[in-house]
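>>> okay, predicted coordinates and the sequence, questions at the end:
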Amino acid sequence: MSVLDIARPATDYVAPQKTVAAAAIDARISEIHYGKFLAVRDTNIAIEKNKITGFIGPSGCGKSTVLRSLNRMNDLIPSFRLEGQVQFLGQDIYARNIDPVVVRRHIGMVFQQPNPFSMSIFENVAFGLRLNRYKGDYKQRVEYALRRAGLWDEVKDKLKENGLALSGGQQQRLCIARAIATEPTVLLMDEPCSALDPIATRIIEELMLDLKKDYTVAIVTHNMQQAMRVADTTAFFSVDISRGGRTGFLCEAGDTEQIFHDPKQDLTKRYISGEFS
Ligand SMILES: Nc1ncnc2c1ncn2[C@@H]1O[C@H](COP(=O)(O)OP(=O)(O)OP(=O)(O)O)[C@@H](O)[C@H]1O
């Protein structure tokens, strides 16, 4: 039985044929549309277990669209349509029998703007547990998640205070704790530091490096230095304007060292050298 099968009986599930052994997520995306607009094409990417995969590329190349497709977050956009497959631990998360809420429990997400709810620090972390009708010890799980997000010592004496009263960096770590509380396998982070100052950014980067021991991480970043500092694998996306529109595609992916120092594709070379942004 797969981890996702707890959602609904997998009556019509057909086992996928091909997976990348070390991948937590193996995405083979042919096309992503928003209505008639072809936003992304030809993006096959493996998010390897216990590694950090960085998505880089110019604005509008589809980094966030692809990231949000990895846990069905784009389902919330009515015009969104994906052709292809996204496998999580060998199971197609877009299969008809799969519940997106369960997908998001296993593949959590942290957004660009820290977005704690206007409720206590404790309830912010417990939120996903309540949503998933967790039956265990809430106090224990909330403490674990806050410790894992490097926030426990700063908030342990004020768990009843509103999460919105924390600093921006603390709020982002609270959101990471909220994501961790449901014990996901993968954490997707969409520019998690772009609203933070350099010190808070560095704390989150160190946290990411620590989290990858237990979790698999994929991060969208505009900051190439950040990708170099934290990512094991880097995926460079570009934009194809040849068909009259602006369609993003995965141009090249590989070890971060290779992408930044020995890129194979001319477009990657030009982007890394700052020729376009
Ligand atoms: N909800 C939406 N409806 C329609 N089009 C969208 C939607 N979200 C994104 N797009 C379009 O899809 C394309 C890819 O956008 P996306 O945000 O994924 O790119 P990105 O590489 O993350 O960009 P940025 O680096 O500027 O955040 C863009 O042309 C964008 O305008």
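In hand now; what should we look at? Numbers count the residues shown, from 1 in each chain.
>>> what sits against the closest residue to residue 240 other than its chain neighbours?
Leaving aside its sequence neighbours, residue 240 sits nearest to residue 247 (CB to CB, 6 or more residues apart in numbering; 4.7 Å). Yep, even glycine has a C-beta here, placed from its N, CA and C like the rest. When contacts are counted by CB atoms under 8 Å, 6 or more residues apart in numbering, residue 247 touches 38-41, 62, 239-241.
>>> within reach of the ligand, which of those residues are there?
39, 62 (CB under 6 Å from any ligand atom).
>>> report the lowest-confidence entry in the contacts of residue 247.
The lowest pLDDT within the contacts of residue 247 belongs to residue 241, with 89.
>>> name the nearest residue to that residue, ignoring sequence neighbours.
Residue 241's closest residue in space is residue 247 (CB to CB, 6+ apart), at 7.9 Å.
>>> what about that neighbour, distance to the ligand?
8 Å (CB to the nearest ligand atom, to the nearest Å).
>>> also residue 92?
22 Å.
>>> distance of the residue nearest to residue 240 from residue 34?
11 Å (CB to CB, to the nearest Å).
>>> confidence score at the nearest residue to residue 38 once chain neighbours are set aside?
Leaving aside its chain neighbours, residue 38 sits nearest to residue 247 (4.9 Å; criterion: CB to CB, 6+ apart). On pLDDT, residue 247 comes in at 95.
>>> does residue 31 belong to a helix, a strand or coil?
strand (DSSP: H, G, I helix; E, B strand; the rest coil).
>>> element containing the residue lying closest to it once chain neighbours are set aside, please.
Spatial nearest neighbour of residue 31, excluding adjacent residues (CB to CB, 6+ apart): residue 83 at 4.5 Å. For residue 83, the host element (DSSP states H and E) is strand 80-88.
>>> partners of whichever helix or strand comes after that strand in the sheet?
Next in sequence after strand 80-88, counting helices and strands by DSSP H and E, comes strand 91-92. Applying DSSP bridges, strand 91-92 is found paired with strand 80-88 (antiparallel).
>>> quickly check: the partner strand near the ligand or not.
No: judged by CB under 6 Å from any ligand atom, strand 80-88 stays clear of the ligand, getting no closer than 7.0 Å.
>>> and that strand, C-alpha only, in PDB?
C-alpha atoms of strand 80-88 as PDB (Å, rounded to 0.1, in the frame of the first residue of the first chain):
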ATOM      1  CA  PHE A  80      -4.900  25.300 -14.600                       C
ATOM      2  CA  ARG A  81      -4.500  22.100 -16.600                       C
ATOM      3  CA  LEU A  82      -1.500  19.700 -16.500                       C
ATOM      4  CA  GLU A  83      -0.600  17.100 -19.100                       C
ATOM      5  CA  GLY A  84       1.900  14.500 -17.900                       C
ATOM      6  CA  GLN A  85       2.500  12.700 -14.700                       C
ATOM      7  CA  VAL A  86       3.900  13.700 -11.300                       C
ATOM      8  CA  GLN A  87       4.900  10.600  -9.200                       C
ATOM      9  CA  PHE A  88       5.400  10.800  -5.500                       C
END
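>>> fine by me, thanks again.
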